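In: Based on what follows, work out the 3D shape:
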Amino acid sequence: QVQLVESGGGLVQAGGSLRLSCAASGLMFSNYAMGWFRQANGKEREFVAAISYAAGIQYYTDSVKGRFTISRDNEKNTVYLQMNSLKPEDTAVYYCTADRLLRTTNMDYWGKGTLVTVST
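Out: Next comes the predicted model:
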């Protein structure tokens, strides 16, 4: 059974930083591209970032480029999202995803999410 468990969310002031982690189990982690999505209150879920199997390729949505960094540790079966210069509009539930393909839709697996709240 595949499990993706996010952690690291919380309350932070605008301009601050957080690092999200996602621990994966039940799958051959190095065979999966990993990603992060988010969903703000009353809005549709949106793609944030993705990373290829060996971390050679990363994708970001335009609104987080230069502020967020996705990385992975295949020995620890963990993917990270370092979020710097946070803005109130980054407030959302952040979800970890795993997929056999490096893509931004129709992900194979989802975590349950971790809430990030950025205050003014």
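
In: you'd agree R100 is up against F29?
Out: No - the criterion here is Cβ atoms under 8 Å, and R100 misses it with F29 at 11.9 Å. Every C-beta, even on glycine, is put in place using the N, C-alpha and C of the backbone.

In: And these two? Which one has more around it.
Out: Legend: neighbour count by other Cβ atoms under 10 Å for R100 and F29, higher for F29 (20 against 14).

In: which residues sit in contact with that one?
Out: F29 makes contact with N74, N77, A98, according to Cβ atoms under 8 Å, 6 or more residues apart in numbering.

In: One more: A98?
Out: Neighbour list for A98: V2, L4, A24, L27, F29, Y32, A33, M34, G35, M107, D108, Y109 [criterion: Cβ under 8 Å, 6+ apart].

In: Which one of the residues you listed sits in the busiest neighbourhood?
Out: Busiest of the contacts of A98 [other Cβ under 10 Å] is M34, holding 30 neighbours.

In: gap between that one and T120?
Out: 31 Å (Cβ to Cβ, to the nearest Å).

In: just N31 next, same as before
Out: For N31, the distance to T120 - Cβ to Cβ - is 42 Å.

In: Quick check: which element contains the residue positioned nearest the centre of the chain?
Out: Among the residues of the chain, the one closest to the centroid is W36, at 2.7 Å (Cα atoms, centre = their mean). If you go by DSSP states H and E, W36 is part of strand 33-39.

In: quick one: which of the contacts of A98 is nearest to M83?
Out: Nearest to M83 among the contacts of A98: G35, at 14.5 Å, using Cβ to Cβ.

In: List the contacts of the closest one.
Out: F47, V48, A49, A50, I51, I70, C96, T97, A98, D99, T104, M107.

In: Scan the residues you listed and report the most crowded one.
Out: Busiest of these [other Cβ under 10 Å] is C96, holding 28 neighbours.
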